[in-house]
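Colleague: Below is the structure, and that's it, no one-letter string:
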């Protein structure tokens, strides 16, 4: 395909159906969501249907906490599935999940029982396995304290968590599939 064609050709958005998707400069393949759908849905969680044929939205209604979180911390990186994330490592994680047709949500709110004003935001959530995925990309005292607090809350609620660090990103497929296969064997 000519370079000019890549710049001008538009592809169909899998959410709204309009022909406004652009080419991902990293892969030379089209994004799956147009810019408008990403902006419109940025305050909600977008998941990819298992059949691989459409997107659906999980909405928290009027108490949409994602709105405040995403205003506070920028999400500058766009993934193959159209999610906007905070780091290049999160792009690698998201793209791995997407490329293997693993339904996932980015930044799902987790409401904590008996604490109506307290909640967690996980990095990724795999609903088919009820698995929360956390990427721990920083290493300072405050971040470590927050990590410990978050893991304690997950444990108190009986949630399964896959913790990822920088060294896991190099072999992300192996790490994710090891966890998913361990989950299958335990059932």
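Modeller: Happy to help now that I have it. Predicted model, so just to flag it, every value in this text is computed and none were measured.

Colleague: What are the boundaries of the strands in the chain?
Modeller: 11-12, 19-21, 23-24, 29-30, 45-48, 55-58, 77-78, 84-85, 105-106, 109-111, 119-121, 124-126, 131-135, 160-164 (DSSP state E).

Colleague: so can I have CSV of those strands showing distance to residue 98, mean neighbour count and mean pLDDT?
Modeller: C-betas here are computed from N, CA, C, even on glycine. Putting those into CSV (distance: least, C-beta to C-beta, whole Å; neighbours: other C-beta atoms under 10 Å; pLDDT from 0 to 100) gives the following:
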stretch, distance to residue 98, mean neighbour count, mean pLDDT
strand 11-12, 16, 15, 74
strand 19-21, 15, 17, 69
strand 23-24, 12, 16, 76
strand 29-30, 12, 15, 76
strand 45-48, 7, 21, 44
strand 55-58, 11, 14, 48
strand 77-78, 12, 18, 92
strand 84-85, 12, 22, 90
strand 105-106, 11, 24, 90
strand 109-111, 21, 16, 82
strand 119-121, 20, 16, 82
strand 124-126, 11, 23, 93
strand 131-135, 13, 22, 96
strand 160-164, 16, 18, 96
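
Colleague: Now do the contacts for residue 78.
Modeller: By C-beta atoms under 8 Å, 6 or more residues apart in numbering, the contact set of residue 78 is 24, 31, 38, 84, 91.

Colleague: now do 6 Å
Modeller: Residue 78 sits next to residue 84 when contact means C-beta atoms under 6 Å, 6 or more residues apart in numbering.

Colleague: Run through the bridge partners of it.
Modeller: With DSSP bridges as the criterion, residue 78 is bridged to residue 84.

Colleague: Turn the strands of the chain into JSON lines, including distance to residue 145.
Modeller: Listed next are those as JSON lines, based on distance: least, C-beta to C-beta, whole Å:
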{"stretch": "strand 11-12", "distance to residue 145": "45"}
{"stretch": "strand 19-21", "distance to residue 145": "41"}
{"stretch": "strand 23-24", "distance to residue 145": "37"}
{"stretch": "strand 29-30", "distance to residue 145": "41"}
{"stretch": "strand 45-48", "distance to residue 145": "27"}
{"stretch": "strand 55-58", "distance to residue 145": "30"}
{"stretch": "strand 77-78", "distance to residue 145": "26"}
{"stretch": "strand 84-85", "distance to residue 145": "23"}
{"stretch": "strand 105-106", "distance to residue 145": "24"}
{"stretch": "strand 109-111", "distance to residue 145": "19"}
{"stretch": "strand 119-121", "distance to residue 145": "15"}
{"stretch": "strand 124-126", "distance to residue 145": "22"}
{"stretch": "strand 131-135", "distance to residue 145": "15"}
{"stretch": "strand 160-164", "distance to residue 145": "16"}
